[in-house]
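Asker: Pasting the sequence and the predicted model now:
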There are 2 protein chains.
Amino acid sequence: MKLAAVDVRQAASAADIVYDALRKAIIEGDLAEGENLRQDQIAQMFNTSRIPVREALSRLEQHGLITTERYKGAVVAGLSIEEIDEIFQFRAFVEAEVMRLAVPNLDQDALAAARKYCEEFGLETEPARWGEINRSFHYSLYAASGRPYYLQIVRTSLDRIDRYLRAQLTLTNGVMRADREHKVILEACLNGDAGLASRLTRDHVLDAGRSLVAFLKDQRA
Amino acid sequence: MKLAAVDVRQAASAADIVYDALRKAIIEGDLAEGENLRQDQIAQMFNTSRIPVREALSRLEQHGLITTERYKGAVVAGLSIEEIDEIFQFRAFVEAEVMRLAVPNLDQDALAAARKYCEEFGLETEPARWGEINRSFHYSLYAASGRPYYLQIVRTSLDRIDRYLRAQLTLTNGVMRADREHKVILEACLNGDAGLASRLTRDHVLDAGRSLVAFLKDQRA
DNA sequence: ATATTGTATATTGGATCCAATTTTTCTAAC
DNA sequence: GTTAGAAAAATTGGATCCAATATACAATAT
């Protein structure tokens, strides 16, 4: 007898599904900050009991995406301007280092992928897709750093501020500037200039942060 | 009516208690890597049902301290030498930056606290206390950086490798070297030399990492 | 004796039920 | 009409029960 080998993929648990869905909704801003999350309501939305929902909420809290209080429930966590500013500084610091480590290891495949995402970002008109393409562009380069732990940290940092970034990209000409900056970063990578790519990456993140903080200060005043 | 202000501390939930206890046990190496964690057994130890235990395990998994598999349970996560090496590099990179930012803000209280912990570390003979005092020393300085997010990241990074560090400190003369290095770091802080304190901190962490990696390579070979 | 099959046990994930407490609503007094 | 207090509803955390699956072990066939 001969059968094709099948990859019996472990079906995700209900808690995993709820967690992924809520994380995505918070990151993308579909759940506004301060919004109340009722266990019962979420359970009904996913057709499960409250048990997996509670587990999902507990994980989200560990990542700082929500806060919970007994008998009161969970609310989507908001960030102060100071916190947003700090996270951008941290990202700039770490991502510049990751880029510096990545450039010497970039191969043709990685560069081709980065070029593809770079073009895609410039052409995309749907704001909802900017965040994802932006991540794909940067990660296609970062991956060559061979630093999975660094990248995991960068990911959780991005998770915290993605929704603010989107608001800013949408409401200003941030996309055009990001697009220009992506192009020069890619250029530096193609030239194998690690120092330049690193500095440009740092400035790219800091620019976005400064612009966002200014925007929020104005908005919240 | 007048009442003295009372800090009504939110009683920790069972899940919180279990989480804190397990986290501490893993960090301090009381639960060896690869050890099986049975929900039922833990629940009995804490005199609760499996529900809060599951929540605690779920959180621990999010922080990379355990891995779980359906129908098989949870095991304390082990780290490869490469992963340990990477985390030390990351810590050195971030903690050096935190120190650089902290030095200009150090006041007399912070310096006095650091000096106290520094002496305490050198005099402590109980290996079980080294990790905690070491953290207290570094954090008493780092706190002045005004970068809570950076420090949170540093904390989770430390959580991952603390138990390996302890093994190394215990089995080599690592404590004496750490003590010497603490003293010169403190000296640089007292002199207000941010650049030097930053470089010394980086080297302090890298030294410990290199020493640990060499130790583990030997041990695992 | 060994390999294979079937069964019992162990273990996890989820559903349902209960206790504790907060929030809301209703009622009554002023 | 407004406010204070009591009752009702809502909501969370935890306990117990159930379903699904893996592992261990016994029984059986070759």
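Answerer: All right, it came through fine.
Asker: contacts and neighbour counts: CA atoms only from here.
Answerer: Noted.
Asker: can I get the CA coordinates of the helix or strand of chain A with the lowest mean pLDDT in PDB?
Answerer: Every helix and strand in chain A was compared by mean pLDDT, DSSP states H and E; the lowest is helix A:148-171, with a mean of 90. These are the backbone C-alpha positions of helix A:148-171, laid out as PDB (Å, rounded to 0.1, in the frame of the first residue of the first chain):
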ATOM      1  CA  PRO A 148      15.000  35.500  16.200                       C
ATOM      2  CA  TYR A 149      14.800  36.800  19.800                       C
ATOM      3  CA  TYR A 150      15.400  40.400  18.700                       C
ATOM      4  CA  LEU A 151      12.700  40.000  16.100                       C
ATOM      5  CA  GLN A 152      10.200  38.600  18.600                       C
ATOM      6  CA  ILE A 153      10.800  41.700  20.800                       C
ATOM      7  CA  VAL A 154      10.400  44.000  17.800                       C
ATOM      8  CA  ARG A 155       7.100  42.300  16.900                       C
ATOM      9  CA  THR A 156       5.600  42.800  20.400                       C
ATOM     10  CA  SER A 157       6.700  46.400  20.300                       C
ATOM     11  CA  LEU A 158       5.100  46.900  16.900                       C
ATOM     12  CA  ASP A 159       1.900  45.300  18.200                       C
ATOM     13  CA  ARG A 160       1.600  48.000  20.800                       C
ATOM     14  CA  ILE A 161       1.800  51.000  18.500                       C
ATOM     15  CA  ASP A 162       0.600  49.700  15.100                       C
ATOM     16  CA  ARG A 163      -2.900  51.200  15.400                       C
ATOM     17  CA  TYR A 164      -1.600  54.700  16.300                       C
ATOM     18  CA  LEU A 165       0.700  54.500  13.300                       C
ATOM     19  CA  ARG A 166      -2.100  53.600  11.000                       C
ATOM     20  CA  ALA A 167      -4.100  56.600  12.200                       C
ATOM     21  CA  GLN A 168      -1.200  58.800  11.500                       C
ATOM     22  CA  LEU A 169      -0.400  57.300   8.100                       C
ATOM     23  CA  THR A 170      -4.000  57.800   7.100                       C
ATOM     24  CA  LEU A 171      -4.400  61.400   8.200                       C
END
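Asker: Buried residues, the very next helix or strand once past it. List them.
Answerer: Per DSSP states H and E, the first helix or strand lying C-terminal to helix A:148-171 is helix A:174-190. Using 16 or more other Cα atoms under 10 Å in any protein chain shown as the test for burial, helix A:174-190 gives A:174-175, A:177-179, A:181-183, A:185-190.
Asker: Stretch A:55-63 now?
Answerer: Buried-residue list, stretch A:55-63, by 16+ other Cα under 10 Å: A:Glu55, A:Ala56, A:Leu57, A:Ser58, A:Arg59, A:Leu60, A:Glu61, A:His63.
Asker: Now for A:Arg199, how many residues are close by?
Answerer: Neighbourhood size, A:Arg199 [other Cα atoms under 10 Å in any protein chain shown]: 18.
Asker: so what's it up against?
Answerer: Neighbouring residues of A:Arg199 by Cα atoms under 8 Å, 6 or more residues apart in numbering or on different chains: A:Ala96.
Asker: Now do the helix or strand in which it is found, average pLDDT.
Answerer: Remark: A:Arg199 resides in helix A:194-220, with elements defined by DSSP H and E. Looking at helix A:194-220 alone, the average pLDDT works out to 93.
Asker: any idea of the angle that helix forms with helix A:174-190?
Answerer: Put simply, helix A:194-220 runs at 170 degrees to helix A:174-190, going by axes from the mean of the first three to the mean of the last three Cα atoms, to 10 degrees.
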